[in-house]
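**Student:** One predicted model, sequence on top.
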Amino acid sequence: MELSTQELKRSFADFTFEADIHAAEGELVCLLGPSGCGKTTGLQLIAGILAPHRGKIFLGQKDITTLPPWKRNIGLVFQDYALFPHMTVYDNIAYGLKQRGTPSHIIRSRVEELLKLVELPNYSRRRPEELSGGEKQRVALARAVAPSPALLLLDEPLSALDARLRTQLRREIRNIQKRIGLTTIYVTHDQEEALSLADKIVVMRKGTIEQSGTPQELYNKPENEFVARFIGNSNLVPCDPQECKGHEYYFFRPEDTRVGTTAPHHTDDICFHLSLKSLEYAGPYYILEGTSGEKTSGGYNVRAHVSEQDIGRLNIRDFSPDYPPQLWFRIDQSKTKVIPK
Amino acid sequence: MDRYMVESSDALMNLPSVRRWERPHPAFLILVVFLLLLFYLPIGSVLLQGFFPEGNFDISVFIKTIFSPYTLRILWFTLFQAVLSTLFSLLLGLPGAYLLSMYTFPGRKLIRAASGVPFVLPPILVVLGFVIFFGNSGILNTLLMQVFDQAEPPLRVLYSLKAIILAHGFYNFPIALRLIASLWQQLPPSQEWAAQTLGAPRRRLFFTITLPQLMPAILAASALIFMFCFTSFAIILVLGGGPQFTTVEVEIYRLAKTSFDISAAGALSIVALALTLGIMGLYVKLQNKLAFHQELSTGPVRPRTYNRPSPLGYVGIVGYIGAMLLIVAGPLLAVVVRSLQKPVSRAGELQFTFEWYRQLFGSGARQFGRIALPAVRNSMIIGILAAVTAVAVGTALSYLTVRYRLKFGKLIDTLSMAPMAISSVILGLGYFLISRSLPELGRARIFMIVAAHSVIAYPFVARTVSSVLKKIPPSQLQAAMLLGAPPGRVFRTVEFPLMLPALTAAGAFAFAISMGEINATLVFSSSTVTIPLAIYRMIGSYNFFGACALGTILVAVCAVAFTLFDVSGNTEL
């Protein structure tokens, strides 16, 4: 069901949450930000674990602002899974259905169905302590969606798992979410996770929204320095005061940056003549970093992703840091954006 | 069986520890001699008395004793009062556990601190406090009579089942409060939130999520409290007030010291031992389960946040603190206040005085002046010697079991911790039996008391020290060795300084245990008077003012010891 909030606000001693979140029917919205940015607070406000000091929360057409959590019909998956240790997997998943007075034969078939969905058939009699981290998270997911909630909330559900499992599980979560068509709010601090999962990303910082939009919008057209730095790798070069209005940056991505040894002629590209600072192998490409001087004296760095052949062509594999080669870094003007500091 | 074993379980501290593969130094064999001679020999001689009444094997005395209607009645009453006391203690402790786990409020620390007082209070002071506070002419009754203008004391609880249950409740509810609260505070709030978002309202949340998860703590606390009440001695001896309210432990004492029926006492001891070991086994099982549950956090757990209480919550908090003050502080304050008063008229008017203290230590001809001074002297000597012995034995033992990989390590652990599970009345009886076969003990008697007290106290020392030893990361010791320190110097320069606060704490505790010990001392030797024994005698001869003065001194000594214990940073209790 569609979720929207209206002038939502909650203050704490050292921090104020003031942001509105909107998720269309069936959409997966990621709340993204560093720890302490208020994304979990947002989730708890929506779930009813925290009460807002101001504003309203709507689920569909219904105002749920003052409903207690047990009447909201919202599923929540926790970072620490929060499985009930004194119950079997079956009883955990059945818990929400039992609260709604569902007949036991329906509960049974629903739990079976969900265990199949999260690829844990025959796990119903196990206890939480017998499960691995990934299995626990699947059970937690099954438990949250079992009562067919109108909205699913996930609070950093994968952050306690290792990297490989994380990418696998996030694909599964996305598949399940799409198949059920469940409106979902997903909280994470991992920008890669957000880019790969979300229909829409909301970047938060210090309790307010910095920017929201599709992953492509956020990646290609960040509106400010924070978003530009937080999502993906980025180059931010202070504008020449003669060309810009003052406190602004050129923003561009390392993968859009090309490197050459000679000065380009007759071009609309933006060019920087820099001395090579470091060369790093990253697998599919090399990361080449050039510098205009010390950062403390107004210098800046530019990074470029360069292919194996180009490195050979540049002939810089064994460069000496004491006599760094001078290189030209160029970016197509259409791939740059001027953003405020 | 001693009450000082209530600690967070060792299983919680399953940190890897350094196990040296070399053999332990032969000096550790002294521990074996200590245990055999001072613990297993006396206990063994009690058991032998049960089966070999006249030196020959004869099971008939044993059978006759334990199946006599009289014994069965005592057994039944022992169980009955223990069950009632346990329920009452839970009833007192649960609300406190709830408040401590839910709310932040002024007085939180006070509840925690006050709940620690009964842990460390010698039983004789509990008895004395109860007589002075709840007695027919006690402070509470006097107050009620004045307020409601009545001629008769409205509360008549002393020398009855009520007094026993009340005193046991007061003495043991902190165990329930602390064990339950410490588990409750560790239940991750996310589970409650999960249950709420899944549709469970508050009440159902409590019964389906919270209560089932608290059960291990509730059961462990119950087993422990039941155990304490089952083996309770001084409280029953005085507050029970007669054969009508006799329990197994008191009956063992009576048989041995009044009826001189040693073989019957031995037989009854065997029954008591079997029962307490059974309950102890159950407790250990529950405790392991509890530790397991506490470890069961399934991921990075968010710390619990405490809410500010609602107005109704405040009423509950104020009520609970009030009740705690009444039953915890009331009796103690009563002892101190009474020690500074004396009756000036037949009507019972009281006046401030130091007279009782003067009589205790003065050279006057008053009767109890003659036992108070030796009592204080004896207690100090015994306390210091017992503390030193207990710290030495306990530390060595804990070092041996933690730092070396021993064959039969688990068995050694169990055998060396056995004094925790054995009632000190039976230990005292064992010492009594041994002393009968030794001619002319004279002043050496006092050293046997020291031995008994250090046997009672060293398991506590060992547990405290072990928990610290296990917390020292092996990498620190390895670093010291790689930097060139041989094992002896590693101990001296790294381990010992880290253990020192725990040793001070354990020493203070052992001293306080010895100062308050009455069970073993009374059963073993009524001729060597210690402070608790002197108080017991004074209560027996209705010299309540003198008892209060001596009691106040005991309170002060224990308070100093426990402040030292607390300052040394031990929060294990």
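**Tutor:** Now that the structure is in, tell me what you want to look at.

**Student:** in chain A, which helix has the most residues?
**Tutor:** helix A:163-180 (DSSP state H).

**Student:** How about that one, which residues are buried there?
**Tutor:** A:166, A:169-170, A:172-174, A:176-177 (16 or more other Cβ atoms under 10 Å in any protein chain shown). The C-beta positions use only the backbone N, C-alpha and C, and glycine is treated the same way.

**Student:** ok, now stretch A:118-136?
**Tutor:** A:118, A:120, A:123-124, A:126-128, A:131, A:133-136.

**Student:** Could you do stretch B:440-456 as well?
**Tutor:** B:441, B:445-446, B:448-456.

**Student:** now do stretch B:137-149
**Tutor:** Of the residues in stretch B:137-149, those buried (16+ other Cβ under 10 Å) are B:138-141, B:145.

**Student:** before we move on, the earlier item: by how many degrees do the following helix or strand past the longest helix of chain A and helix A:163-180 diverge?
**Tutor:** Next helix or strand after helix A:163-180 toward the C-terminus (DSSP states H and E): strand A:184-188. On the basis of axes from the mean of the first three to the mean of the last three Cα atoms, to 10 degrees, strand A:184-188 is oriented at 170 degrees to helix A:163-180.

**Student:** what about the residue in the stretch 401-550 of chain B that chain A sits nearest to, distance to B:Glu495?
**Tutor:** Using Cβ to the nearest Cβ, the closest approach of the stretch 401-550 of chain B to chain A is made by B:Lys470 at 23.1 Å. Separation of B:Lys470 from B:Glu495 (Cβ to Cβ, to the nearest Å): 12 Å.

**Student:** which residues of chain A score low on pLDDT?
**Tutor:** A:241-246 (pLDDT under 70).

**Student:** Kindly list the longest strand within it.
**Tutor:** strand A:270-281 (DSSP state E).

**Student:** Show me what counts as buried in that strand.
**Tutor:** Quick answer for strand A:270-281 (16+ other Cβ under 10 Å): A:270, A:272, A:274, A:276-277, A:279.

**Student:** How about stretch B:148-162?
**Tutor:** Quick answer for stretch B:148-162 (16+ other Cβ under 10 Å): B:153, B:157-159, B:161.

**Student:** Kindly indicate which of the residues you listed lies nearest B:Arg112.
**Tutor:** B:Val157 (27.9 Å; Cβ to Cβ).

**Student:** looking at it, the closest one is touching B:Phe133, isn't it?
**Tutor:** No. Judged on Cβ atoms under 8 Å, B:Val157 makes no contact with B:Phe133 at a distance of 10.1 Å.

**Student:** So what touches stretch B:528-542?
**Tutor:** B:122, B:124-125, B:127-128, B:131, B:234, B:238, B:368, B:371-372, B:374-376, B:378-379, B:382, B:445-446, B:449, B:515-518, B:521-522, B:526, B:544, B:546-547, B:550-551, B:553-554, B:557 (Cβ atoms under 8 Å, 6 or more residues apart in numbering or on different chains).

**Student:** what pLDDT, on average, does that stretch get?
**Tutor:** On average, the pLDDT along stretch B:528-542 is 88.

**Student:** re earlier: columns secondary structure, pLDDT and distance to A:Pro215 on top of the buried residues of stretch B:440-456, output as TSV?
**Tutor:** Shown next, in TSV, are those (DSSP: H, G, I helix; E, B strand; the rest coil; pLDDT from 0 to 100; distance: Cβ to Cβ, whole Å):
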residue	secondary structure	pLDDT	distance to A:Pro215
B:Leu441	coil	71	89
B:Arg445	helix	85	86
B:Ile446	helix	88	83
B:Met448	helix	91	81
B:Ile449	helix	92	79
B:Val450	helix	94	77
B:Ala451	helix	93	77
B:Ala452	helix	94	76
B:His453	helix	94	73
B:Ser454	helix	94	71
B:Val455	helix	94	71
B:Ile456	helix	92	69
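
**Student:** Also within reach of chain A: list those from these.
**Tutor:** Among the buried residues of stretch B:440-456, no residue is within reach of chain A (Cβ under 8 Å from any Cβ of the partner chain).

**Student:** if we can go back for a sec, so for the residue of the stretch 401-550 of chain B closest to chain A, what's the pLDDT?
**Tutor:** 82.

**Student:** how about it, phi and psi?
**Tutor:** phi -70, psi -20 (degrees, to the nearest 10).

**Student:** State the distance from it to B:Ile218.
**Tutor:** B:Lys470 is 27 Å from B:Ile218, by Cβ to Cβ.

**Student:** Repeat that for B:Leu36.
**Tutor:** Counting by Cβ to Cβ - B:Leu36 and B:Ile218 are separated by 38 Å.

**Student:** neighbour count winner among these two?
**Tutor:** Under the neighbour definition other Cβ atoms under 10 Å in any protein chain shown, B:Leu36 and B:Ile218 were set side by side, and B:Ile218 has more, 20 against 11.

**Student:** quick one: contacts for the more buried one?
**Tutor:** By Cβ under 8 Å, 6+ apart, the neighbours of B:Ile218 are B:90, B:176, B:180.

**Student:** Tell me who's in contact with the first one.
**Tutor:** Under the criterion of Cβ under 8 Å, 6+ apart, the contact list for B:Leu90 reads B:173, B:176, B:218, B:221-222, B:225.

**Student:** go again using 7 Å as the cut-off
**Tutor:** B:176, B:218, B:222 (Cβ atoms under 7 Å, 6 or more residues apart in numbering or on different chains).

**Student:** can you list the domain ranges for the chain.
**Tutor:** Assuming you mean chain A. Chain A breaks down into these domains under automatic domain parsing: A:3-229, A:235-340.

**Student:** um, chain B though
**Tutor:** In the domain annotation for chain B, the residue ranges read B:1-42+B:354-573, B:79-244+B:290-298+B:309-339 (automatic domain parsing).

**Student:** got the contact list for the residue nearest to A:Pro128 when sequence neighbours are not counted?
**Tutor:** Excluding the flanking residues, the one nearest A:Pro128 by Cβ to Cβ, 6 or more residues apart in numbering or on different chains is A:Leu83, at 4.1 Å. By Cβ under 7 Å, 6+ apart, the contact set of A:Leu83 is A:92, A:128, A:136, A:139-140, B:298.

**Student:** ok, 8 Å please
**Tutor:** A:Leu83 neighbours (Cβ under 8 Å, 6+ apart): A:92, A:128, A:131, A:136, A:139-140, A:143, B:191, B:298.

**Student:** Max pairwise distance over these: which two?
**Tutor:** Pairwise over the contacts of A:Leu83, using Cβ to Cβ, the maximum falls at A:Leu131 and B:Gln191, 15.5 Å.

**Student:** in stretch B:200-207, what's buried?
**Tutor:** Buried-residue list, stretch B:200-207, by 16+ other Cβ under 10 Å: B:200, B:205-206.

**Student:** Out of these, which are close to chain A?
**Tutor:** B:Ala200.

**Student:** Which of the buried residues of stretch B:200-207 sits closest to B:Val393?
**Tutor:** Distances from B:Val393 to these, taken as Cβ to Cβ, are shortest for B:Phe206 (46.0 Å).

**Student:** Residue of the stretch 151-300 of chain A closest to chain B, please.
**Tutor:** Closest point on the stretch 151-300 of chain A to chain B, by Cβ to the nearest Cβ, is A:Ala160, at 4.5 Å.

**Student:** can you tell me how far that residue sits from B:Gly116?
**Tutor:** Taken as Cβ to Cβ, the span from A:Ala160 to B:Gly116 is 36 Å.

**Student:** which residues of the stretch 201-341 of chain A fall in strands?
**Tutor:** A:208-213, A:235-238, A:248-252, A:257-260, A:270-281, A:286-291, A:301-306, A:326-331, A:337-340 (DSSP state E, counting those that start in this stretch).
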